[in-house]
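Colleague: 3D, please:
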Amino acid sequence: MASTAEQDATACAAEEQERKTLKPAYSIDDARHLLREHFAVTTDDVTELDSYDDQNWRVGSPGGCYVLKAHNGVESRNTGLLEAQSRLLKHLEESGIRAPVEAQSRVDLHGTTLRLLRWVEGEVLSNSTITPLVLGDAGQFLGRIRSALDDFDDTALHRRHLWDLRRFPAVATFASKLRDLDCDGQRAALVERGIANYTAQDFDTLPYATCHGDFNDANILTHGDAWGVLDVGDAVHSWRVNDLAIGAAYVMVNLCTEENKRSGFDGGDHVAVQGAQRFVAGFLATNALSDDEKRALPHLCAARLATSFTLGWYSYRESLAAQPDMPQARRAYLLHHALPAATALGVCLDAMALAPEWPTS
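Modeller: Residues are numbered from 1 along each chain as shown. This is a model prediction of the structure:
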C-alpha cells in the first residue's frame, strides 16, 4: 500500500499537470470584453500582470482600479475554496489589513472563475531596497496578519495542498526526480539534505491555525506607512508557525538574489542569515511563538526553501515540455524564486548547524 506521502504526491502531481492544461489563456482584448460583459466595466486601460497558474490584469476605469482575475480551472471547480478565500480577504480588511477584497460577485465561465478585486495601492516589497529596518517592519506586519488569522477558520481550508509544509514528505517524492529533470547534482544534494533534516524532526506538538501560505516579497505592498497583502491562493489550515517560516525563507531568497538591492547589513554573518533574524525579531515584537514553534521554525524554513526550488524546477520543466518555445520572460518568472532558493537552502542549513536557536535569537 502506498504511503500517505506517496498518495499526496500522486494526487498533487496529477493536479500540477492539470494546472498546465487548465491555465486560462485570454488575450487583452478578451479581458476587456469580459469586463464589459460580466462586470459592466468599460475601459481600454487593461495591463496583464505576472501570474503562476492563473491570469491577472490591472484595470483602470472611471469607477476605480481593480484586478481582474481568471482562476485556473483546478481552483475554479472548487467553489468552497474560492468562497473561503473571499471570506478570508474580507476578514483581513475588517481587521485593519489592506487586502484585495471582491468588488463584485464571482462569475463562472467555461471552466474558469472570474473575480473582480479591488486594487490595493502600493509598491511590492520586491521592488524596494531591503534593509534591516524594512525587514523588521515586514515581520511586524506579518505579526498583525497572524493575530487576525488566529480568529478565522473555514472548513474548505482544511485541505491537501502541496505547498503546505505539513505535506513536505510529498515534495520529497518530487525531489527524487530532480536529477532526471536535468537539475545539477549540487542543488539536488542540498534538497536531499533538507529532506533528511525535516525527517529527523518531531512536529506533532505544533499548534494549528489558518495560514496565508505565501508571505513573500511579491505579495507584500508598501504605501508610505501603510502595508498590504495580496494573494491568498495558498491559504490553508496548518501549523501556525508556517507563515513565519515561509516569510523568513523568502527573505533569504531575496537576499540570495544578487541583483536585488540591499543596504545596512554588517560584514558578519551571511546577509541572508541577518535578514531572516531581523524579520523574525519584527514578528516577535507584535506576536509570540511557543517554545515548540521556535524549535521548529528553522527546520520549516529549510523545508520551504527546498519546496520552492523543487516545485519551481519541476513546474519549469513541465511547462517547458508543454511549450518548448516558451518566451524567455516566462522562463525567468518561473525560476525567479527557484534558483536562489537553492542557494538560500544551503545558507539556512549551515546556519542551523552553527546556531540551532537561529533565527529566534
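Colleague: just confirm T113 is within a strand.
Modeller: Yes. Per DSSP: H, G, I helix; E, B strand; the rest coil, T113 lies within a strand segment.
Colleague: test my guess that it contacts E102.
Modeller: No. Contact criterion Cβ atoms under 8 Å: T113 and E102 do not qualify, at 11.4 Å. Just so you know, the C-beta spots here come from the backbone N, C-alpha and C atoms, and that holds for glycine as well.
Colleague: can you give me the helices for the protein?
Modeller: With DSSP state H, the ranges of helices along the chain come out as 4-22, 28-39, 73-76, 79-94, 132-149, 168-175, 185-199, 242-255, 271-286, 291-322, 328-334, 338-354.
Colleague: who has more neighbours, T113 and E102?
Modeller: When neighbours are counted by other Cβ atoms under 10 Å, T113 and E102 differ, and T113 comes out ahead with 21 against 17.
Colleague: enumerate every residue touching the more buried one.
Modeller: A70, H71, E75, S76, T79, L82, R106, V107 (Cβ atoms under 8 Å, 6 or more residues apart in numbering).
Colleague: any chance of TSV for these, columns neighbour count and pLDDT?
Modeller: Listed next are the contacts of T113 as TSV, based on neighbours: other Cβ atoms under 10 Å; pLDDT from 0 to 100:
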residue	neighbour count	pLDDT
A70	24	96
H71	27	94
E75	18	89
S76	22	92
T79	13	93
L82	20	95
R106	18	93
V107	15	95
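Colleague: pLDDT weak spots in the stretch 151-300 of the chain?
Modeller: Applying pLDDT under 70 to the stretch 151-300 of the chain flags residues 268.
Colleague: return the set of buried residues in stretch 169-182.
Modeller: Using 16 or more other Cβ atoms under 10 Å as the test for burial, stretch 169-182 gives P169, A170, V171, A172, T173, F174, A175, L178, L181.
Colleague: any idea how far the residue nearest to the spatial centre of the chain is from S290?
Modeller: The residue lying closest to the centre of the chain (Cα atoms, centre = their mean) is D214, at 2.6 Å. Counting by Cβ to Cβ, to the nearest Å, the gap from D214 to S290 is 23 Å.
Colleague: can you check G64 too?
Modeller: 43 Å.
Colleague: now do S51
Modeller: S51 is 36 Å from S290, by Cβ to Cβ.
Colleague: tell me the one among the contacts of T113 nearest to E15.
Modeller: E75 (10.2 Å; Cβ to Cβ).
Colleague: residues touching A31, list them.
Modeller: Counted by Cβ under 8 Å, 6+ apart, A31 has contacts V46, E48, Q55, W57, L68, A70.
Colleague: could you redo the last one with a cut-off of 10 Å?
Modeller: The neighbourhood of A31, defined by Cβ atoms under 10 Å, 6 or more residues apart in numbering, consists of P24, V46, T47, E48, Q55, N56, W57, V59, L68, A70, L114.
Colleague: T21 against G73, yeah?
Modeller: Yes. T21 lies in contact with G73 (Cβ atoms under 10 Å); the separation is 8.0 Å.
Colleague: more neighbours, these two?
Modeller: Shown here are T21 and G73; by other Cβ under 10 Å, G73 has more neighbours (19 against 10).
Colleague: give me the neighbour count for the residue nearest to the more buried one when sequence neighbours are not counted.
Modeller: Of all residues not flanking G73 in the chain, L22 sits nearest, at 3.0 Å (Cβ to Cβ, 6 or more residues apart in numbering). Neighbour count for L22, taken as other Cβ under 10 Å: 18.
Colleague: go on, S308?
Modeller: Using other Cβ under 10 Å, S308 has 25 neighbouring residues.
Colleague: with adjacent residues omitted, what lies nearest to it?
Modeller: Excluding its sequence neighbours, the residue lying closest to S308 (Cβ to Cβ, 6+ apart) is A341, at 3.9 Å.
Colleague: quick check: the gap between that neighbour and V280.
Modeller: Applying Cβ to Cβ to A341 and V280 gives a distance of 18 Å.
Colleague: likewise V347?
Modeller: Taking Cβ to Cβ, one finds V347 at 15 Å from V280.
Colleague: higher neighbour count, these two?
Modeller: V280 (28 against 20).
Colleague: that one against E357, yeah?
Modeller: No. V280 is beyond contact range of E357, at 11.1 Å (criterion: Cβ under 10 Å).
Colleague: mutual contacts of those two, please.
Modeller: In contact with both V280 and E357: K294, L297, P298, using Cβ under 10 Å, 6+ apart.
Colleague: which of these sits closest to E259?
Modeller: E259 has its nearest neighbour among the shared contacts of V280 and E357 in P298, at 26.3 Å by Cβ to Cβ.
Colleague: and of the contacts of T113, the nearest to D325?
Modeller: For the contacts of T113, the nearest to D325 is A70 (22.7 Å; Cβ to Cβ).
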